[in-house]
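Participant: sequence plus predicted model, see below.
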Amino acid sequence: MIHIKSSDTALRVGMVGAGGIANAHLPAWHHIGADVTVFSLNGAPELVARHGGTVAGSLQELLDRVDVVDVCTPTYTHPEIVLAAAAAGRHVLCEKPFALDGATAASMVEACVGARVQLYPGHVVRYFPEYAAMQRAVAVGAIGTPAVLTFHRTGARPQAAWFADPALSGGIVMDQMIHDLDFARWLGGEVESVYARIADSAPGTATGVVTAHVIARHRSGVISNCTGTWARPGSRFRYGFQVAGSDGMLVHDSAADPTLRSDTGASGTGGLLPDVTLVESPFVTEIRELAAAFTGGPAPRVAAADGVAAVRIAEAAAASLSSGAPVAVDRIEVPA
Amino acid sequence: MSSLPLRIGVMSMAHTHAAGYIGLLRDRPDVELAVADPDATDRPAGESGGRSLAEQLGVTRYYDSYEELLGWSPDGVVVCSENSRHRALTERAAAAGAHVLCEKPMATTVADGEAMVATCAAAGVHLMIAYPVRFSRQFRALESMLPALGPIVAVTGTNNGKLPSARAWFADAELAGGGAVMDHTVHIADLLDLMLDGAEAESVHAVTNRMLKEGVSVETGGLVSLRYPGDVIATIDCSWSVPEHYPTWGGLTMRVIGEGGIVDVDVFGQAVHGFQESAGGPLRLGYGPGGDEAMLEEFLSAIRDGRRPQPDGESGLRSLRVAMRAYESART
């Protein structure tokens, strides 16, 4: 495994892409003192004007300059960029989902293992403090054996054109619900089978309200339910969970956070990313932990195999949507 | 139309809701109340019932048998027996010419439910099923928002509760017809029935487990996924997932996602919260009235006005079918 040796020089990070998630990651990298270079086909100068950093003229120029690559591009471009980073011997943080199908995701992991570089999926919900607190409590038995898990997530429908094309984004299950599918698997263990439904108020357009429901059976006997919604423009980002076990339950709803309330008479402000101003940015928590791993620190709470597993669950959900029947999720076999 | 009080009989106090209905009926000046609970002797040791419970609840007219209760010629009865015994009591009441308000779920098989509908129709008596949530202020407010919400896209509902430990039959597959799925799918199925104008689900998929609560032979966890005509999807969490010492029995929530927005209701969520030092636990003072009072008013006024009360037996049959199809799916 390649470790970055320098301790007195800043971690050199190459961010590829300058869209929504880049605007969350870039300040987080700066927060932990990284030196960030950005390459993007669109919007790199504007991104660094907002958040700092320097712009590279090509992907090769970026790869030549950095220790770590942060892939923030649209999903369908992830595999190519991750493979290029691995070939250049660079560690990788890749936004979720790794890829649009499990086989491709697994091949990305294989390439990184072969190149002896670390690869992590941007499963940032594992770093949200309410979810992290819940997971730690469940892990030490606070609710006994987990039994029934439910997760929900709602945000305004993304407007970038590629999100609307399932061939490019994978649709709401692969793109948005994957956070909760990952979390359900973290708590409940490997998923045996999934059953999925989707409803779209304006099928074939990019403007409808879309909701997906996925019910999973886990090998442990746990049952879980994830619901994801892309809501109308201006809808508040909202998420939460209810996890019940043999000795108790834990519940959270972001809409019920009592620590700050205001009413200015204006309607709620929508967004593609949650408002995290009342906690340390989970993106900072995530990136700090991954940066430590990249520089020889302990293994983080998320592994490359988790990124593949989540894609496979979402892939099975997509197959269930097509077939109208439950779909078995293949046992996850990825290189360690 | 007379201004005489209506005679209402409560048949059995096996269901825990009987006490609530009795309290409300007892206090109405337009109702004369009688109770019969002869099956109390069959109940496990320690479970309340019979004349002593009726007296505790302030009931002044108690009958030792259903025969005597029906001999009193009630205008209507409220059937609060174990689920699998609803049919027999409903048929006896119908034969005596009494209108029936039957606890939910109306039966433990679709065949029993269909027989109840047919018997009551033939006898010319109303059959109403006790779904109080649709009468709550919270659900009524949600209903009033539906036009502004536009076409419904998706609904998620939770009806979670404790293991109903005051009455062992709730976890008896024979008497209850099942566990959490039978007990808690039907309330939200009834609300969907109302919101979607009685449309039957096109597809039902369910998963269940028994990992919550120890020593229970019926399912305690359940998730039911539904698709209705018009591509409306819904998921119901019917699990008995509320811990035994939780400060309230459970609750019912619903999130409706429409083209025009999102509405959340928490029907039993109204409460004052606190903490009691000596008990070392939270204080929770629920103050929501629920829908029982308005539901009873619907039953009584329908008798007076000679109109069919809602939800009627056919409606109860549709929500029962959702639960039965969930069992069928979970088995396969």
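Facilitator: Noted; the coordinates are in hand. Numbers count the residues shown, from 1 in each chain, chains lettered A, B, ... in the order given.
Participant: now what about the host helix or strand of A:L62, what contacts it?
Facilitator: In this structure, A:L62 sits in helix A:59-65 according to DSSP states H and E. Residues from elsewhere that reach helix A:59-65 (C-beta atoms under 8 Å, 6 or more residues apart in numbering or on different chains): A:12, A:14, A:16, A:37-39, A:56, A:69, A:81, A:84-85, A:88, A:90. Using the backbone N, CA and C atoms, a C-beta is placed for each residue, glycine as well.
Participant: narrow those to those in strands?
Facilitator: Mapping these onto strands (DSSP state E) picks out A:R12, A:G14, A:V16, A:T37, A:V38, A:F39, A:V69.
Participant: leaving out the residues flanking it, which one is nearest to the last one?
Facilitator: It refers to A:V69. Of all residues not flanking A:V69 in the chain, A:A85 sits nearest, at 3.9 Å (C-beta to C-beta, 6 or more residues apart in numbering or on different chains).
Participant: burial of that neighbour, as a residue count?
Facilitator: By the criterion of other C-beta atoms under 10 Å in any protein chain shown, A:A85 has 30 neighbours.
Participant: what's the helix or strand for the closest residue to A:V125 other than its chain neighbours?
Facilitator: Closest residue to A:V125 apart from its sequence neighbours, by C-beta to C-beta, 6+ apart: A:H179 at 4.2 Å. Counting by DSSP H and E, the element that carries A:H179 is helix A:178-188.
Participant: correct me if wrong: the residue nearest to A:V125 contacts A:G122.
Facilitator: No - using C-beta atoms under 8 Å, A:H179 makes no contact with A:G122, being 9.5 Å away.
Participant: any idea how many residues pack against the residue in the stretch 1-150 of chain A positioned nearest to chain B?
Facilitator: Relative to chain B, the nearest point of the stretch 1-150 of chain A is A:A147 (3.5 Å; C-beta to the nearest C-beta). By other C-beta under 10 Å, 27 other residues sit near A:A147.
Participant: name the residues of stretch B:157-167 that are buried.
Facilitator: Neighbour counts over stretch B:157-167 (16 or more other C-beta atoms under 10 Å in any protein chain shown) mark B:G157, B:T158, B:N159, B:N160, B:G161, B:K162, B:L163, B:P164, B:R167 as buried.
Participant: report the central residue of the chain.
Facilitator: Defaulting to chain A. For chain A, the residue nearest the mean C-alpha position is A:H123 (3.4 Å; C-alpha atoms, centre = their mean).
Participant: could you do chain B instead?
Facilitator: B:K104 (3.8 Å).
Participant: what separation do you get for that one and B:S319?
Facilitator: B:K104 is 7 Å from B:S319, where distance means C-beta to C-beta, to the nearest Å.
Participant: now B:M295: which helix or strand?
Facilitator: With DSSP H and E as the criterion, B:M295 is inside helix B:292-305.
Participant: ditto for A:A142
Facilitator: Counting by DSSP H and E, A:A142 is part of no helix or strand.
Participant: hang on, it packs against A:L250?
Facilitator: Yes - under the criterion of C-beta under 8 Å, A:A142 makes contact with A:L250 at 7.2 Å.
Participant: those two: which is more packed in?
Facilitator: A count of neighbours by other C-beta under 10 Å puts A:L250 above the other of A:A142 and A:L250, at 18 against 15.
Participant: what is the mean pLDDT for the helix or strand that one falls within?
Facilitator: Taking DSSP H and E as the criterion, A:L250 maps to strand A:248-253. Computed over strand A:248-253, the mean pLDDT rounds to 94.
Participant: hmm, it touching chain B?
Facilitator: Yes - Strand A:248-253 lies within reach of chain B by C-beta under 8 Å from any C-beta of the partner chain, at A:G248, A:M249.
Participant: would you map out the domains in the chain?
Facilitator: The chain I'm using is chain A. Domain assignment for chain A by automatic domain parsing gives A:12-123+A:284-301, A:126-275+A:311-328.
Participant: wrong one, chain B
Facilitator: B:6-130, B:134-291+B:321-331.
Participant: my guess is A:D253 contacts A:R238. True?
Facilitator: Yes - look at A:D253 against A:R238 with C-beta under 8 Å: they come within range, at 7.4 Å.
Participant: give me the below-cutoff pLDDT ranges for the chain.
Facilitator: Assuming you mean chain A. A:1-8, A:261-272, A:331-336 (pLDDT under 70).
Participant: my question was about chain B
Facilitator: Scanning chain B for pLDDT under 70 picks out the ranges B:1-2.
Participant: so where's the longest helix in it?
Facilitator: If each helix of chain B is counted by residues according to DSSP state H, the longest one is helix B:313-331.
Participant: close to chain A, is it?
Facilitator: No - against chain A, helix B:313-331 shows no contacts by C-beta under 8 Å from any C-beta, the least distance being 9.1 Å.
Participant: how far does that helix sit from the chain's center?
Facilitator: The chain centre lies 14 Å from the centre of helix B:313-331; the measure is C-alpha atoms, centre = their mean, to the nearest Å.
Participant: and the strands in the stretch 151-300 of chain A?
Facilitator: A:191-200, A:210-218, A:223-231, A:238-245, A:248-253 (DSSP state E, counting those that start in this stretch).
Participant: got a list of contacts for the first one?
Facilitator: Translated: strand A:191-200. A:171-173, A:181, A:184-185, A:208-219, A:224, A:313, A:316-318, A:320-321, A:325-329, B:153-154, B:205, B:207, B:225, B:227, B:231-233, B:235.
Participant: can you show me the helices along the chain?
Facilitator: I went with chain A, as the question did not name one. A:22-31, A:44-51, A:59-65, A:78-87, A:102-114, A:129-139, A:161-164, A:166-169, A:171-172, A:178-188, A:282-294, A:304-323.
Participant: wait, I meant chain B there
Facilitator: B:17-26, B:50-56, B:66-71, B:86-95, B:110-123, B:137-149, B:173-176, B:180-195, B:292-305, B:313-331.
Participant: I figured A:A202 was touching A:W230, is that so?
Facilitator: No - A:A202 is beyond contact range of A:W230, at 11.3 Å (criterion: C-beta under 8 Å).
Participant: more neighbours: these two, which one.
Facilitator: A:W230 (25 against 13).
Participant: how close does the more buried one sit to B:C120?
Facilitator: For A:W230 relative to B:C120 (C-beta to C-beta), the value is 46 Å.
Participant: same check on B:I257?
Facilitator: In terms of C-beta to C-beta, B:I257 sits 37 Å off from B:C120.
Participant: please say which of these two ends up with more neighbours.
Facilitator: Neighbours per residue, other C-beta under 10 Å: of B:I257 and B:C120, the larger number sits with B:I257, 28 against 23.
Participant: pretty sure the more buried one sits against B:G150.
Facilitator: No - counting by C-beta under 8 Å, B:I257 stays clear of B:G150, with 10.2 Å between them.
Participant: overlap of the contact sets of these two?
Facilitator: Joint contacts of B:I257 and B:G150 (C-beta under 8 Å, 6+ apart) do not exist.
Participant: burial of the closest residue to B:G258 other than its chain neighbours, as a residue count?
Facilitator: Using C-beta to C-beta, 6+ apart and skipping residues adjacent in sequence, the residue nearest B:G258 is B:L149, 3.3 Å away. Burial measure for B:L149: 17 neighbouring residues, criterion other C-beta under 10 Å.
Participant: which ones are touching B:L149?
Facilitator: Contacts of B:L149 by C-beta under 8 Å, 6+ apart are B:V256, B:G258, B:E259, B:G260, B:G261, B:V263.
Participant: just the residues contacting stretch A:128-140, thanks.
Facilitator: With C-beta under 8 Å, 6+ apart, stretch A:128-140 has contacts from A:125-126, A:143, A:146, A:183, A:186-187, A:241, A:243, A:245, A:250, A:252, A:254, A:276, A:279-280, A:282, A:285.
Participant: please apply the same query to stretch B:183-190.
Facilitator: Looking at stretch B:183-190 with C-beta under 8 Å, 6+ apart, the contacting residues turn out to be B:104-105, B:129, B:131, B:133-134, B:157, B:159-161, B:164, B:170, B:176, B:222, B:224, B:234, B:236, B:238-240, B:252, B:254, B:311, B:315-316, B:318-320, B:322-323, B:326.
Participant: again, 6 Å this time
Facilitator: Residues outside stretch B:183-190 that contact it (C-beta atoms under 6 Å, 6 or more residues apart in numbering or on different chains) are B:104-105, B:131, B:133, B:157, B:159, B:224, B:236, B:238, B:319, B:322-323, B:326.
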